[in-house]
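Undergrad: Quick one, structure for this:
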Amino acid sequence: MARLAAIGPRPTEPEPILWADEPALRELIAALRSGTETDWSLEVPPASGPGAPLGRLVVSVSDGPLRVGASAADLQLTGSTASLRQLADYLEQYADHNDLTEPEMHTHVWDHPAMPWISVGTELEVAGWWPPAE
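TA: A predicted model of the protein is given here:
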(Lines give C-alpha, C1' and ligand atoms only; values in the text may rest on other atoms or scores of the structure.)
Protein backbone atom coordinates (compact mmCIF):
# COMPACT_ATOMS: atom_id res chain seq x y z
CA MET A 1 0.00 0.00 0.00
CA ALA A 2 1.38 3.43 -0.96
CA ARG A 3 1.77 5.79 1.98
CA LEU A 4 2.47 9.53 2.05
CA ALA A 5 2.39 11.98 4.96
CA ALA A 6 3.69 15.50 5.47
CA ILE A 7 4.38 18.08 8.16
CA GLY A 8 5.24 21.74 7.85
CA PRO A 9 8.35 23.53 9.08
CA ARG A 10 9.38 22.85 12.66
CA PRO A 11 10.68 25.36 15.20
CA THR A 12 14.27 24.23 14.62
CA GLU A 13 14.06 23.28 10.93
CA PRO A 14 12.72 25.52 8.14
CA GLU A 15 11.84 22.85 5.61
CA PRO A 16 8.66 20.78 5.44
CA ILE A 17 9.00 16.97 5.41
CA LEU A 18 7.32 14.62 2.97
CA TRP A 19 7.39 10.98 4.10
CA ALA A 20 6.82 8.31 1.46
CA ASP A 21 7.18 4.59 1.17
CA GLU A 22 8.69 3.37 -2.10
CA PRO A 23 5.39 2.72 -3.96
CA ALA A 24 4.13 6.21 -3.04
CA LEU A 25 7.41 7.84 -4.04
CA ARG A 26 7.38 6.00 -7.39
CA GLU A 27 3.78 7.19 -7.99
CA LEU A 28 4.80 10.75 -7.17
CA ILE A 29 7.78 10.51 -9.53
CA ALA A 30 5.50 9.33 -12.36
CA ALA A 31 3.03 12.15 -11.67
CA LEU A 32 5.79 14.79 -11.66
CA ARG A 33 7.08 13.43 -14.97
CA SER A 34 3.65 13.40 -16.61
CA GLY A 35 4.30 16.83 -18.09
CA THR A 36 0.77 17.97 -17.43
CA GLU A 37 0.24 21.70 -17.78
CA THR A 38 -2.55 21.71 -15.20
CA ASP A 39 -2.31 21.98 -11.45
CA TRP A 40 -3.16 18.92 -9.36
CA SER A 41 -3.37 17.92 -5.74
CA LEU A 42 -3.31 14.77 -3.66
CA GLU A 43 -4.84 14.28 -0.24
CA VAL A 44 -2.36 12.84 2.27
CA PRO A 45 -3.13 11.57 5.76
CA PRO A 46 -1.87 13.92 8.45
CA ALA A 47 1.26 12.93 10.31
CA SER A 48 2.08 13.87 13.86
CA GLY A 49 5.36 15.46 14.70
CA PRO A 50 6.92 18.73 15.77
CA GLY A 51 5.56 20.56 12.69
CA ALA A 52 1.99 21.26 11.66
CA PRO A 53 0.37 18.32 9.83
CA LEU A 54 -0.20 18.98 6.14
CA GLY A 55 -3.17 17.17 4.62
CA ARG A 56 -2.66 17.87 0.93
CA LEU A 57 0.16 17.93 -1.60
CA VAL A 58 -0.50 20.64 -4.22
CA VAL A 59 1.53 20.72 -7.44
CA SER A 60 1.24 23.88 -9.53
CA VAL A 61 2.78 24.41 -12.96
CA SER A 62 4.33 27.83 -13.51
CA ASP A 63 7.33 29.37 -15.20
CA GLY A 64 10.65 29.13 -13.48
CA PRO A 65 12.48 26.96 -11.00
CA LEU A 66 10.99 24.72 -8.34
CA ARG A 67 9.62 26.44 -5.24
CA VAL A 68 8.41 24.65 -2.11
CA GLY A 69 6.01 26.14 0.37
CA ALA A 70 3.74 25.14 3.21
CA SER A 71 0.46 26.80 4.07
CA ALA A 72 -1.79 26.00 7.00
CA ALA A 73 -2.82 22.70 5.42
CA ASP A 74 -0.90 22.21 2.16
CA LEU A 75 2.57 21.24 1.03
CA GLN A 76 3.04 23.18 -2.21
CA LEU A 77 5.40 22.35 -5.09
CA THR A 78 5.44 24.96 -7.84
CA GLY A 79 7.61 25.13 -10.94
CA SER A 80 7.94 24.66 -14.66
CA THR A 81 7.28 21.22 -16.12
CA ALA A 82 11.05 20.97 -16.66
CA SER A 83 11.86 21.71 -13.01
CA LEU A 84 9.16 19.27 -11.83
CA ARG A 85 10.71 16.59 -14.08
CA GLN A 86 14.14 17.36 -12.63
CA LEU A 87 12.69 16.90 -9.15
CA ALA A 88 11.32 13.54 -10.33
CA ASP A 89 14.79 12.56 -11.62
CA TYR A 90 16.37 13.55 -8.29
CA LEU A 91 13.78 11.60 -6.29
CA GLU A 92 14.21 8.57 -8.54
CA GLN A 93 17.95 8.50 -7.86
CA TYR A 94 17.21 8.75 -4.14
CA ALA A 95 14.74 5.84 -4.36
CA ASP A 96 17.04 3.73 -6.56
CA HIS A 97 20.04 4.01 -4.24
CA ASN A 98 18.51 3.94 -0.74
CA ASP A 99 16.43 1.63 1.43
CA LEU A 100 13.36 3.74 2.20
CA THR A 101 12.43 1.48 5.12
CA GLU A 102 15.66 2.31 6.95
CA PRO A 103 14.93 4.61 9.90
CA GLU A 104 15.95 8.21 9.27
CA MET A 105 16.73 7.60 5.56
CA HIS A 106 16.12 10.95 3.89
CA THR A 107 17.34 13.46 1.34
CA HIS A 108 17.21 17.23 1.11
CA VAL A 109 16.02 19.20 -1.88
CA TRP A 110 17.52 22.67 -1.56
CA ASP A 111 19.01 25.52 -3.55
CA HIS A 112 22.47 24.13 -4.20
CA PRO A 113 24.78 24.99 -7.11
CA ALA A 114 24.41 21.40 -8.36
CA MET A 115 20.62 21.91 -8.52
CA PRO A 116 20.08 25.11 -10.58
CA TRP A 117 16.47 24.07 -11.22
CA ILE A 118 15.55 24.94 -7.63
CA SER A 119 14.62 28.47 -6.55
CA VAL A 120 16.84 30.23 -4.02
CA GLY A 121 15.53 29.68 -0.50
CA THR A 122 13.66 26.48 -1.36
CA GLU A 123 14.02 23.55 1.04
CA LEU A 124 12.23 20.21 1.30
CA GLU A 125 13.13 17.05 3.18
CA VAL A 126 11.94 13.79 1.61
CA ALA A 127 12.13 10.75 3.85
CA GLY A 128 11.37 7.06 3.67
CA TRP A 129 8.38 5.75 5.57
CA TRP A 130 9.26 6.38 9.21
CA PRO A 131 7.00 9.18 10.46
CA PRO A 132 6.71 9.55 14.26
CA ALA A 133 3.20 8.04 14.26
CA GLU A 134 0.97 6.31 11.74
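Undergrad: now the helices for this protein?
TA: Counting by DSSP state H, residue ranges of the helices within the chain are 22-33, 81-97.
Undergrad: Distance to Pro116 and mean pLDDT for those - can I get that in JSON lines?
TA: Backbone N, C-alpha and C define where each C-beta goes, glycine included. JSON lines is the format used below for these (distance: least, CB to CB, whole Å; pLDDT from 0 to 100):
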{"stretch": "helix 22-33", "distance to Pro116": "18", "mean pLDDT": "93"}
{"stretch": "helix 81-97", "distance to Pro116": "9", "mean pLDDT": "95"}
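Undergrad: Let me have the ones you listed in JSON lines, extended by distance to Leu54 and mean neighbour count.
TA: Converted to JSON lines, these look like this (distance: least, CB to CB, whole Å; neighbours: other CB atoms under 10 Å):
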{"stretch": "helix 22-33", "distance to Leu54": "14", "mean neighbour count": "18"}
{"stretch": "helix 81-97", "distance to Leu54": "17", "mean neighbour count": "17"}
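Undergrad: At which residues are the strands of this structure located?
TA: Taking DSSP state E, the strands of the chain run over residues 4-7, 17-20, 40-43, 53-54, 56-61, 67-70, 74-79, 106-110, 123-127.
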